[in-house]
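In: this is the structure alone, sequence omitted:
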Ligand SMILES: [Zn+2]
(Lines give C-alpha, C1' and ligand atoms only; values in the text may rest on other atoms or scores of the structure.)
Protein backbone atom coordinates (compact mmCIF):
# COMPACT_ATOMS: atom_id res chain seq x y z
CA UNK A 1 0.00 0.00 0.00
CA UNK A 2 2.89 2.31 0.86
CA UNK A 3 4.34 1.64 -2.59
CA UNK A 4 1.01 2.54 -4.18
CA UNK A 5 0.90 5.96 -2.47
CA UNK A 6 4.54 6.57 -3.35
CA UNK A 7 3.77 5.86 -7.01
CA UNK A 8 0.71 8.10 -6.83
CA UNK A 9 2.78 10.93 -5.33
CA UNK A 10 5.48 10.45 -8.01
CA UNK A 11 2.83 10.59 -10.69
CA UNK A 12 1.35 13.81 -9.20
CA UNK A 13 4.79 15.47 -9.19
CA UNK A 14 5.36 14.34 -12.77
CA UNK A 15 1.99 15.80 -13.84
CA UNK A 16 2.78 19.14 -12.20
CA UNK A 17 6.33 19.29 -13.44
CA UNK A 18 6.90 16.65 -16.13
CA UNK A 19 10.40 15.42 -16.92
CA UNK A 20 11.76 16.25 -20.32
CA UNK A 21 14.61 14.68 -22.26
CA UNK A 22 17.60 17.06 -21.86
CA UNK A 23 18.63 16.44 -25.48
CA UNK A 24 15.37 16.70 -27.48
CA UNK A 25 12.89 18.14 -24.92
CA UNK A 26 10.40 15.28 -25.41
CA UNK A 27 8.27 14.33 -22.36
CA UNK A 28 9.75 11.34 -20.51
CA UNK A 29 8.62 9.20 -17.55
CA UNK A 30 9.07 10.30 -13.94
CA UNK A 31 12.03 7.99 -13.35
CA UNK A 32 13.59 8.45 -16.78
CA UNK A 33 16.62 10.68 -17.32
CA UNK A 34 16.42 10.89 -21.13
CA UNK A 35 14.49 9.33 -24.02
CA UNK A 36 15.58 6.05 -25.57
CA UNK A 37 15.85 7.50 -29.08
CA UNK A 38 18.41 10.10 -27.98
CA UNK A 39 20.56 7.57 -26.17
CA UNK A 40 20.50 5.26 -29.20
CA UNK A 41 21.50 8.18 -31.39
CA UNK A 42 23.98 10.00 -29.14
CA UNK A 43 25.63 7.25 -27.12
CA UNK A 44 27.62 4.93 -29.32
CA UNK A 45 30.58 3.72 -27.36
CA UNK A 46 33.11 5.20 -24.99
CA UNK A 47 35.03 8.34 -25.98
CA UNK A 48 38.53 8.58 -24.63
CA UNK A 49 41.34 11.14 -24.53
CA UNK A 50 44.90 10.66 -23.30
CA UNK A 51 45.71 13.19 -20.57
CA UNK A 52 48.93 15.23 -20.92
CA UNK A 53 50.64 13.79 -17.82
CA UNK A 54 49.40 10.22 -17.87
CA UNK A 55 46.03 8.62 -17.45
CA UNK A 56 43.05 9.13 -19.73
CA UNK A 57 39.62 10.68 -19.59
CA UNK A 58 36.62 8.63 -20.68
CA UNK A 59 33.23 10.03 -21.62
CA UNK A 60 29.88 8.81 -22.94
CA UNK A 61 29.42 11.70 -25.40
CA UNK A 62 31.16 13.86 -27.93
CA UNK A 63 30.72 17.59 -27.22
CA UNK A 64 28.59 18.53 -30.21
CA UNK A 65 24.99 18.97 -31.41
CA UNK A 66 22.27 18.13 -28.88
CA UNK A 67 24.79 17.09 -26.22
CA UNK A 68 26.58 20.44 -26.51
CA UNK A 69 23.27 22.30 -26.24
CA UNK A 70 22.28 20.25 -23.16
CA UNK A 71 25.66 20.96 -21.50
CA UNK A 72 25.45 24.70 -22.26
CA UNK A 73 21.90 24.87 -20.80
CA UNK A 74 23.14 22.92 -17.81
CA UNK A 75 26.21 25.11 -17.23
CA UNK A 76 24.90 28.55 -18.01
CA UNK A 77 21.11 28.51 -17.78
CA UNK A 78 20.69 26.63 -14.50
CA UNK A 79 18.84 23.81 -16.25
CA UNK A 80 20.06 21.06 -13.93
CA UNK A 81 17.68 18.39 -15.22
CA UNK A 82 20.47 16.93 -17.39
CA UNK A 83 22.63 16.02 -14.36
CA UNK A 84 20.83 12.69 -13.94
CA UNK A 85 21.42 11.73 -17.57
CA UNK A 86 25.09 12.77 -17.57
CA UNK A 87 25.68 10.79 -14.35
CA UNK A 88 23.84 7.72 -15.67
CA UNK A 89 25.86 7.69 -18.90
CA UNK A 90 29.17 8.37 -17.07
CA UNK A 91 28.42 5.47 -14.74
CA UNK A 92 27.88 3.25 -17.81
CA UNK A 93 31.38 4.00 -19.10
CA UNK A 94 33.05 3.80 -15.68
CA UNK A 95 30.98 0.99 -14.14
CA UNK A 96 33.76 -1.56 -14.73
CA UNK A 97 35.98 0.53 -12.39
CA UNK A 98 33.50 0.32 -9.50
CA UNK A 99 35.31 -2.57 -7.75
CA UNK A 100 38.53 -0.53 -7.42
CA UNK A 101 37.12 2.97 -6.78
CA UNK A 102 36.95 4.16 -3.17
CA UNK A 103 35.27 7.53 -3.80
CA UNK A 104 34.04 9.90 -6.51
CA UNK A 105 35.18 13.52 -6.66
CA UNK A 106 34.97 16.47 -9.08
CA UNK A 107 36.91 19.30 -10.72
CA UNK A 108 35.56 22.15 -8.56
CA UNK A 109 34.34 25.66 -9.39
CA UNK A 110 35.93 28.66 -7.69
CA UNK A 111 34.12 30.25 -4.72
CA UNK A 112 33.20 33.29 -6.83
CA UNK A 113 31.77 31.20 -9.72
CA UNK A 114 29.89 29.13 -7.15
CA UNK A 115 28.30 32.27 -5.68
CA UNK A 116 27.41 33.54 -9.14
CA UNK A 117 25.96 30.25 -10.38
CA UNK A 118 24.48 28.97 -7.14
CA UNK A 119 25.59 25.39 -7.68
CA UNK A 120 28.69 23.51 -8.78
CA UNK A 121 27.64 21.68 -11.92
CA UNK A 122 30.42 19.10 -11.87
CA UNK A 123 29.83 18.36 -8.18
CA UNK A 124 26.18 17.63 -8.92
CA UNK A 125 27.13 15.19 -11.72
CA UNK A 126 29.81 13.61 -9.50
CA UNK A 127 27.38 13.19 -6.57
CA UNK A 128 24.81 11.51 -8.79
CA UNK A 129 27.46 9.27 -10.37
CA UNK A 130 28.64 8.29 -6.87
CA UNK A 131 25.06 7.39 -5.97
CA UNK A 132 24.68 5.15 -9.05
CA UNK A 133 28.08 3.47 -8.49
CA UNK A 134 27.21 3.15 -4.76
CA UNK A 135 30.39 4.95 -3.71
CA UNK A 136 30.87 7.89 -1.34
CA UNK A 137 31.26 11.38 -2.81
CA UNK A 138 34.32 13.27 -1.56
CA UNK A 139 34.88 17.03 -2.10
CA UNK A 140 38.61 16.38 -2.41
CA UNK A 141 39.67 19.53 -4.26
CA UNK A 142 39.14 23.25 -4.05
CA UNK A 143 39.95 25.90 -6.59
CA UNK A 144 42.46 28.34 -5.17
CA UNK A 145 43.23 30.47 -8.22
CA UNK A 146 41.09 31.57 -11.15
CA UNK A 147 42.27 30.55 -14.63
CA UNK A 148 42.21 32.73 -17.71
CA UNK A 149 39.56 31.56 -20.19
CA UNK A 150 41.16 28.47 -21.74
CA UNK A 151 39.79 28.42 -25.27
CA UNK A 152 41.66 31.57 -26.35
CA UNK A 153 45.01 30.07 -25.30
CA UNK A 154 47.55 27.89 -27.09
CA UNK A 155 48.09 24.35 -25.78
CA UNK A 156 51.31 25.41 -24.03
CA UNK A 157 49.53 28.36 -22.40
CA UNK A 158 46.64 26.09 -21.31
CA UNK A 159 49.10 23.84 -19.56
CA UNK A 160 50.67 26.77 -17.65
CA UNK A 161 47.24 28.30 -17.01
CA UNK A 162 46.02 25.22 -15.12
CA UNK A 163 49.06 25.00 -12.81
CA UNK A 164 48.49 26.02 -9.21
CA UNK A 165 44.72 26.46 -9.61
CA UNK A 166 43.70 23.52 -7.44
CA UNK A 167 44.57 22.29 -3.96
CA UNK A 168 43.49 19.32 -1.88
CA UNK A 169 40.87 20.10 0.80
CA UNK A 170 42.02 17.50 3.30
CA UNK A 171 44.85 15.11 2.38
CA UNK A 172 43.76 12.64 5.09
CA UNK A 173 40.49 12.08 3.17
CA UNK A 174 42.20 10.79 0.05
CA UNK A 175 45.46 9.20 1.23
CA UNK A 176 45.80 5.69 -0.20
CA UNK A 177 42.44 5.93 -2.00
CA UNK A 178 41.55 5.27 -5.62
CA UNK A 179 39.38 8.11 -6.91
CA UNK A 180 37.12 8.73 -9.87
CA UNK A 181 37.54 12.40 -10.86
CA UNK A 182 34.67 13.95 -12.81
CA UNK A 183 34.38 17.08 -14.98
CA UNK A 184 31.61 18.17 -17.36
CA UNK A 185 33.73 18.64 -20.51
CA UNK A 186 37.26 17.52 -21.30
CA UNK A 187 39.02 19.57 -23.98
CA UNK A 188 42.82 19.83 -23.82
CA UNK A 189 42.78 17.66 -20.70
CA UNK A 190 45.13 20.06 -18.85
CA UNK A 191 42.55 20.94 -16.18
CA UNK A 192 41.89 17.30 -15.46
CA UNK A 193 45.59 16.41 -15.63
CA UNK A 194 46.38 19.17 -13.10
CA UNK A 195 43.64 17.98 -10.70
CA UNK A 196 44.85 14.39 -11.10
CA UNK A 197 48.46 15.45 -10.40
CA UNK A 198 47.44 17.38 -7.25
CA UNK A 199 45.44 14.40 -5.94
CA UNK A 200 48.27 11.94 -6.63
CA UNK A 201 50.85 14.24 -5.02
CA UNK A 202 48.65 14.51 -1.94
CA UNK A 203 48.71 10.72 -1.57
CA UNK A 204 45.81 9.32 -3.62
CA UNK A 205 46.66 5.80 -4.74
CA UNK A 206 45.24 6.23 -8.24
CA UNK A 207 42.92 8.66 -10.05
CA UNK A 208 40.63 7.64 -12.92
CA UNK A 209 39.02 10.45 -14.93
CA UNK A 210 35.68 10.82 -16.68
CA UNK A 211 33.58 13.62 -18.12
CA UNK A 212 30.11 13.93 -19.64
CA UNK A 213 31.63 14.89 -22.99
CA UNK A 214 34.95 15.11 -24.80
CA UNK A 215 35.33 18.09 -27.08
CA UNK A 216 37.41 19.13 -30.05
CA UNK A 217 40.45 21.15 -29.04
CA UNK A 218 39.08 24.47 -30.34
CA UNK A 219 36.03 24.28 -28.06
CA UNK A 220 35.67 25.73 -24.56
CA UNK A 221 37.31 23.73 -21.75
ZN1 LIG B 1 15.43 12.77 -26.38
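Out: Now that the structure is in, tell me what you want to look at. Remember, predicted model here, so these are calculated numbers, not experimental data.

In: list the helices and strands the helix or strand where residue 129 lies packs on?
Out: Here residue 129 sits within helix 121-133, counting by DSSP states H and E. Applying 3 or more Cβ pairs under 8 Å, 6 or more residues apart in numbering; DSSP states H and E, one finds that helix 121-133 contacts helix 83-94, strand 103-106, strand 178-186. (Each C-beta comes from the backbone N, C-alpha and C, glycine too.)

In: all helices in the protein, in order from the N-terminus.
Out: Assigned by DSSP state H, the helices in the chain fall at 2-16, 36-42, 65-76, 83-94, 111-117, 121-133, 155-162, 171-174, 190-201.

In: now the second one: buried residues?
Out: I take that to be helix 36-42. Neighbour-count burial for helix 36-42 flags 38-39, 42 (criterion: 16 or more other Cβ atoms under 10 Å).

In: list the contacts of it.
Out: If you take Cβ atoms under 8 Å, 6 or more residues apart in numbering as the criterion, helix 36-42 is touched by 21, 23-24, 26, 61, 65-67, 89.

In: pLDDT, distance to residue 139 and neighbour count for those residues - can I get that in CSV?
Out: What follows is the contacts of helix 36-42, written out as CSV (pLDDT from 0 to 100; distance: Cβ to Cβ, whole Å; neighbours: other Cβ atoms under 10 Å):
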residue, pLDDT, distance to residue 139, neighbour count
21, 95, 30, 22
23, 95, 29, 21
24, 95, 33, 16
26, 94, 34, 12
61, 95, 25, 27
65, 94, 32, 12
66, 95, 30, 16
67, 95, 26, 26
89, 96, 23, 23
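
In: of the residues you listed, which ones also sit close to the ion?
Out: 21, 23-24, 26 (Cβ under 5 Å from the ion).

In: out of those, flag the one nearest to residue 206.
Out: residue 23 (32.5 Å; Cβ to Cβ).

In: got a list of what the closest one touches?
Out: 34-35, 38, 42, 66-67, 69-70, 85.

In: ok, residue 103 next?
Out: Going by Cβ under 8 Å, 6+ apart, residue 103 touches 130, 135-138, 140, 174, 177, 179-180.

In: need the max-distance pair from these.
Out: 130 and 174 (14.3 Å).

In: quick one: low-confidence parts of the chain?
Out: 1-2, 10-16, 147-153, 155-156, 217-221 (pLDDT under 70).

In: the ion contacts on that one?
Out: Checking the chain against the ion by Cβ under 5 Å from the ion, the hits are 21, 23-24, 26, 35, 38.

In: let's see which of those residues end up in strands.
Out: Using DSSP state E, no member of those falls in strands.

In: adding distance to residue 110, write the residues you listed out as a markdown table.
Out: What follows is these, written out as a markdown table (distance: Cβ to Cβ, whole Å):
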| residue | distance to residue 110 |
| --- | --- |
| 21 | 31 |
| 23 | 29 |
| 24 | 33 |
| 26 | 35 |
| 35 | 35 |
| 38 | 32 |
